[in-house]
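Undergrad: Model the structure of this input:
(chains A, B, C and D)
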Number of protein chains: 2
Amino acid sequence: MNASSGTSDGNFDRRAEIVRVATALFLEKGYAAASLSRIAEEVGIRKASLYHHFPSKEALFVACATDGFEEAVVALAAIREDPSLTDEERLRRAIAQLYVINVDSNTGRMSPLIAEVSLRFPEVARAFRKEFIERQHAILMEILDRGVARGSFAAHDRLGVEHVIFGPVVNLCLSRQMFAPCEDLEDWLPVERIRDSHCDMVLRLVRAG
Amino acid sequence: MNASSGTSDGNFDRRAEIVRVATALFLEKGYAAASLSRIAEEVGIRKASLYHHFPSKEALFVACATDGFEEAVVALAAIREDPSLTDEERLRRAIAQLYVINVDSNTGRMSPLIAEVSLRFPEVARAFRKEFIERQHAILMEILDRGVARGSFAAHDRLGVEHVIFGPVVNLCLSRQMFAPCEDLEDWLPVERIRDSHCDMVLRLVRAG
DNA sequence: GTCTATACAAGGATAGAC
DNA sequence: GTCTATCCTTGTATAGAC
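TA: Residues are numbered from 1 along each chain as shown, chains lettered A, B, ... in the order given. Next up, the predicted model:
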């Protein structure tokens, strides 16, 4: 009967805080180099106290890496269902949303980290694919299919278009992490300009007529 | 005056062997999780002997991560200069070579690793960009520019085309490492089919007329 | 739920013999 | 150039008091 956030023992907020801090540190340093001491320090508790919330570092990592898949794609699904949009505008919005998901959000920025640990945590890589990557692909492909059915888009090679849509997005996500130390990052890899130009290219490829 | 591989003290082969083994291990496990003990074991010497060839783990990593840039792009430069090719065929060959460089070779497969350590080794990230990434971009852009000058290709948005060319390649490199544990990898991400379809898309975007 | 204290393993690195 | 032996730090994890 308390007013807190959902569990009876009240440790929910602390657990979420640990996941938040740990996620940021895993993203910054990689799995092995992110230490529990440092995570505990940033949370403001002692290292041993982490073990009250998670049985091991591996379990903590799995919690961080499989958190937020659903939430990341809801806005994309909403764009697919929005009846007020034309097919062309829907595709534009969807591609723009891919940049938000994959370049701006922590979930999307996990890609290089998942690659690093894919052999050690194959089940995490699998979940990332099924619950995050393939959901985005399915939504985009359905937007295209519906446009083709309505005559807005021409028939096209689905595999090629899929990679031409997702390739530049994922490349930008990876490149911006690879070259984060470069001072000219924003000039070299300007998200908005790349995104808009990318949208134009995709529309030229799928537009009917 | 000996017949060996180029240095007077004859330790050249051992050093190269260490780099070879260490590179494979860094690629597989990441920087922090690849231990000197394991590297020494696979080379067949003791851990302490590594320090005769490299002063530290950091120095060994820098040697691994900055090795082979020149060699990786020579074939691409040769395609640019080949007078027997039409502009269209030259572009096709160049894009195909991007897949060889970035998906098949160790140098290209470094991308996720560079992302992992970019904050700790900013000079490595910088070298990777200047001596590897930007060289490839410059060669492709010059192939396109020459084609435009000769009327084979139409004028186009250079930034967008650049990302539509490199995006799918880098995405495939990253995805194949992320999902290496998946048994259906070859069916899900078939390099040749994706490459050919990708080439077709790019040519539709830049072709004149 | 958090703390102090501690066990235990592994990693990077050095000294000095051969 | 490689070895054995050793140092020191750090990391994950556990025990048990409060």
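Undergrad: so residue A:84, which of the three states?
TA: coil (DSSP: H, G, I helix; E, B strand; the rest coil).
Undergrad: next one: phi and psi at it?
TA: Main-chain torsions, residue A:84, degrees, to the nearest 10: phi -80, psi 0.
Undergrad: now swap in residue A:207 and tell me
TA: For residue A:207, the backbone dihedrals (degrees, to the nearest 10) come out as phi -60, psi 140.
Undergrad: quick one: contacts for it?
TA: A:88, A:152, A:153, A:154 (CB atoms under 8 Å, 6 or more residues apart in numbering or on different chains). Using the backbone N, CA and C atoms, a C-beta is placed for each residue, glycine as well.
Undergrad: For the buried ones among the residues you listed, write the corresponding ChimeraX selection.
TA: Listed next is the ChimeraX selection for buried residues among those, using 16 or more other CB atoms under 10 Å in any protein chain shown:
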select /A:88,152,153
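Undergrad: just checking, which of the contacts of residue A:207 belong to helices?
TA: Counting by DSSP state H, the part of the contacts of residue A:207 found in helices is residue A:88.
Undergrad: and the strand or helix carrying residue A:75, average pLDDT?
TA: Take DSSP states H and E as the rule and residue A:75 turns out to sit in helix A:69-81. Rounded to a whole number, the mean pLDDT of helix A:69-81 is 98.
Undergrad: The contacts of residue A:207: which ones sit near DNA strand D?
TA: Among those, no residue sits close to DNA strand D (CB under 7 Å from any atom of the strand).
Undergrad: In terms of distance to DNA strand C, which of the contacts of residue A:207 ranks first?
TA: residue A:88 (50.9 Å; CB to the nearest atom of the strand).
Undergrad: wait, the closest one sits on residue A:206?
TA: No: Residue A:88 is beyond contact range of residue A:206, at 9.0 Å (criterion: CB atoms under 8 Å).
Undergrad: Identify the contacts common to these two.
TA: residue A:147.
Undergrad: Can you give me the buried ones in stretch A:55-62?
TA: So, applying 16+ other CB under 10 Å, buried residues of stretch A:55-62: A:57, A:60, A:61, A:62.
Undergrad: how about the lengthiest helix in chain A: buried residues?
TA: Ranked by residue count and defined by DSSP H, the top helix of chain A is helix A:158-178. In terms of neighbour count (16+ other CB under 10 Å), helix A:158-178 has its buried residues at A:160-178.
Undergrad: again, but for stretch A:90-104
TA: A:90-103.
Undergrad: could I get these as TSV with distance to residue A:128?
TA: Conversion of the buried residues of stretch A:90-104 to TSV gives the following (distance: CB to CB, whole Å):
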residue	distance to residue A:128
A:90	26
A:91	25
A:92	26
A:93	24
A:94	20
A:95	21
A:96	22
A:97	18
A:98	16
A:99	18
A:100	18
A:101	13
A:102	12
A:103	16
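Undergrad: quick one, the longest helix of chain A and helix B:158-178 angle?
TA: Going by axes from the mean of the first three to the mean of the last three CA atoms, to 10 degrees, helix A:158-178 is angled at 90 degrees with respect to helix B:158-178.
Undergrad: quick revisit: show which residues not belonging to the helix holding residue A:75 make contact with it.
TA: With CB under 8 Å, 6+ apart as the criterion, helix A:69-81 contacts A:85, A:90, A:93-94, A:97-98, A:100-101, A:105, A:107-108, A:127-128, A:131-132, A:135-136, A:139, A:142-143.
Undergrad: list the buried ones in it?
TA: Neighbour counts over helix A:69-81 (16+ other CB under 10 Å) mark A:69, A:72, A:73, A:76, A:77, A:79, A:80 as buried.
Undergrad: thinking again about what came up before, just the contacts of helix A:69-81: which are in helices?
TA: A:90, A:93, A:94, A:97, A:98, A:127, A:128, A:135, A:136, A:139, A:142, A:143.
Undergrad: What separation is there between residue A:123 and chain B?
TA: As defined by CB to the nearest CB, to the nearest Å, residue A:123 lies at a distance of 9 Å from chain B.
Undergrad: and that residue, what helix or strand is that in?
TA: Residue A:123 belongs to helix A:122-128, assigned by DSSP H and E.
Undergrad: Need the three-state assignment for residue A:209.
TA: coil.
Undergrad: Now for it, how many residues are close by?
TA: 6 (other CB atoms under 10 Å in any protein chain shown).
Undergrad: Can you tell me how far it is from residue A:95?
TA: 20 Å (CB to CB, to the nearest Å).
Undergrad: now swap in residue A:136 and tell me
TA: Residue A:136 is 11 Å from residue A:95, by CB to CB.
Undergrad: next one: residue A:205
TA: 12 Å.
Undergrad: now do residue A:36
TA: For residue A:36 relative to residue A:95 (CB to CB), the value is 39 Å.
Undergrad: do residue A:80 as well
TA: 12 Å.
Undergrad: Contacts for the one helix or strand residue A:25 maps to, please.
TA: Counting by DSSP H and E, the element that carries residue A:25 is helix A:12-29. For helix A:12-29, the surrounding residues in contact (CB under 8 Å, 6+ apart) are A:4-6, A:34, A:38-39, A:42-43, A:45, A:50, A:53-54, A:60-61, A:63-65, A:67, A:106, A:109-110, A:113, B:119-120.
Undergrad: gap between it and the chain center?
TA: 16 Å (CA atoms, centre = their mean, to the nearest Å).
Undergrad: which element follows that helix toward the C-terminus?
TA: Moving toward the C-terminus from helix A:12-29, the next element (DSSP H and E) is helix A:36-43.
Undergrad: for that next one, packing partners?
TA: helix A:12-29, helix A:50-53, helix A:57-65 (3 or more CB pairs under 8 Å, 6 or more residues apart in numbering or on different chains; DSSP states H and E).
Undergrad: List just the nearest of the buried residues of helix A:69-81 to DNA strand D.
TA: residue A:69 (24.0 Å).
Undergrad: do you know how far that closest one is from chain B?
TA: 15 Å.
Undergrad: again, but for residue A:13
TA: For residue A:13, the distance to chain B equals 29 Å [CB to the nearest CB].
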